[in-house]
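Asks: can't give you the sequence, but here's the structure:
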């Protein structure tokens with residue numbers, strides 16, 4: 001198993017990433033405050049924050065649900 005600090009060092013060594021990424025954070029997720037640092041690793045990111053989500057994808061009643069679905073669908077339609 002790779003220690004977390006070793007994994008972060010590996011990521012930092014190859015950042016920034018040029019792939020478009022959606023960085024999702026939930027207001028009720030203890031890891032949510034780490035989202036801005038994750039987003040900073042990408043040149044192009046869509047930062048989506050849900051005030052009601054926890055540590056999981058948004059549910060259909062979440063105001064960020066459609067944004068998330070649209071991002072996934074757009075990625076599926078790429079050549």
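Replies: Structure's in. What do you need? All figures in this text were calculated on a predicted structure; none of them were measured in a lab. Residues are numbered from 1 along each chain as shown.

Asks: Now name the helix or strand holding the closest residue to residue 32 other than its chain neighbours.
Replies: Of all residues not flanking residue 32 in the chain, residue 25 sits nearest, at 4.2 Å (CB to CB, 6 or more residues apart in numbering). From N, CA and C alone the C-beta is placed, and that goes for glycine too. Following DSSP states H and E, one finds residue 25 within strand 21-26.

Asks: right, and the helix or strand after that strand?
Replies: Assignment by DSSP H and E places the next element after strand 21-26 at helix 35-39.

Asks: in that following helix, what counts as buried?
Replies: Using 16 or more other CB atoms under 10 Å as the test for burial, helix 35-39 gives 35, 38, 39.

Asks: Save the residues you listed as TSV, and put in distance to residue 61 and pLDDT too.
Replies: TSV is the format used below for the buried residues of helix 35-39 (distance: CB to CB, whole Å; pLDDT from 0 to 100):
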residue	distance to residue 61	pLDDT
35	21	93
38	25	91
39	25	93
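
Asks: Share the number of residues neighbouring residue 43, please.
Replies: 12 (other CB atoms under 10 Å).

Asks: should've said residue 58
Replies: Using other CB under 10 Å, residue 58 has 20 other residues around it.

Asks: now it: how far from residue 67?
Replies: 8 Å (CB to CB, to the nearest Å).

Asks: same check, this time on residue 52
Replies: As judged by CB to CB, residue 52 and residue 67 stand 14 Å apart.

Asks: Which one of those two is surrounded by more residues?
Replies: Neighbour totals were compared for residue 52 and residue 67, and residue 67 leads with 16 against 13 (other CB under 10 Å).

Asks: if I read this right, the more buried one contacts residue 48, doesn't it?
Replies: Yes - using CB atoms under 8 Å, residue 67 is in contact with residue 48, at 5.5 Å.
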